[in-house]
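**Q** Need coordinates for the following:
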Amino acid sequence: MSQPELRLSDYLAHIREACQEAINFTDGMKFEDFTLDIKSQRAVMMDFIMIGEASSRIAKEYPEFIASRSDIPWIQMRGMRNRVAHGYFDLNLSTVWKSIQVELPELLTARSK
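**A** This next block holds a predicted model:
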């Protein structure tokens with residue numbers, strides 16, 4: 001395996017790990033609990049930043065891979081990272097919760113194909 005392939009696999013592993021962490025951090029929680037748990041909110045936000053950063057690097061360094069995997073929401077992943085990193089105080093926690101509960105599991109499923 002050549003070095004670029006290893007690098008791509010590293011980025012993909014970072015995305016997978018961050019998705020799984022965010023899901024694990026909120027496992028067994030209800031939305032109301034999440035809104036009151038600043039530690040879990042911050043932990044999940046860091047995972048979204050990691051997901052978005054890895055997807056940005058893949059887009060920059062491996063555009064052919066992005067083109068071949070149009071089933072993965074690359075733009076949305078980068079967009080969530082930007083919203084978290086630059087607009088933290090304006091984040092809608094229900095949107096974050098939906099992303100954790102619905103979109104991250106879907107992303108893990110898409111990634112495994």
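**Q** Count the neighbours of the residue lying closest to D37 once chain neighbours are set aside for me.
**A** Spatially, and ignoring its direct neighbours in sequence, D37 is nearest to M29 (7.3 Å; CB to CB, 6 or more residues apart in numbering). (Glycine included, C-beta is placed from N, CA and C.) Residues near M29, counting by other CB atoms under 10 Å, number 16.
**Q** how near is the nearest residue in space to G52 that is not next to it in sequence to K98?
**A** Residue nearest to G52 in three dimensions, not counting chain neighbours: R81, with 2.0 Å by CB to CB, 6+ apart. Here R81 is placed at a distance of 16 Å from K98 (CB to CB, to the nearest Å).
**Q** just the helices in the protein please.
**A** Taking DSSP state H, the helices of the chain run over residues 3-25, 31-36, 38-61, 63-68, 74-86, 93-98, 104-111.
**Q** So which elements touch the fourth one?
**A** When contacts are defined as 3 or more CB pairs under 8 Å, 6 or more residues apart in numbering; DSSP states H and E, helix 63-68 packs onto helix 38-61.
**Q** Give the buried residues for the helix it packs on.
**A** Using 16 or more other CB atoms under 10 Å as the test for burial, helix 38-61 gives 40-41, 44-56, 58-59.
**Q** can I get the CA coordinates of it in CSV?
**A** What follows is helix 38-61, C-alpha atoms only, in CSV (Å, rounded to 0.1, in the frame of the first residue of the first chain):
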residue,chain,number,x,y,z
ILE,A,38,-22.2,20.7,29.1
LYS,A,39,-19.4,18.1,29.2
SER,A,40,-21.2,15.8,26.8
GLN,A,41,-22.0,18.8,24.6
ARG,A,42,-18.4,19.9,24.4
ALA,A,43,-17.1,16.4,23.9
VAL,A,44,-19.6,15.9,21.0
MET,A,45,-18.7,19.3,19.5
MET,A,46,-15.0,18.3,19.4
ASP,A,47,-16.0,15.1,17.6
PHE,A,48,-17.9,17.2,15.0
ILE,A,49,-14.8,19.3,14.5
MET,A,50,-12.6,16.2,14.0
ILE,A,51,-15.1,14.8,11.5
GLY,A,52,-15.3,18.0,9.5
GLU,A,53,-11.5,18.6,9.6
ALA,A,54,-10.8,15.1,8.3
SER,A,55,-13.4,15.5,5.6
SER,A,56,-11.9,18.8,4.6
ARG,A,57,-8.5,17.2,4.3
ILE,A,58,-9.8,14.3,2.2
ALA,A,59,-11.6,16.8,-0.1
LYS,A,60,-8.3,18.8,-0.6
GLU,A,61,-5.9,15.8,-0.9
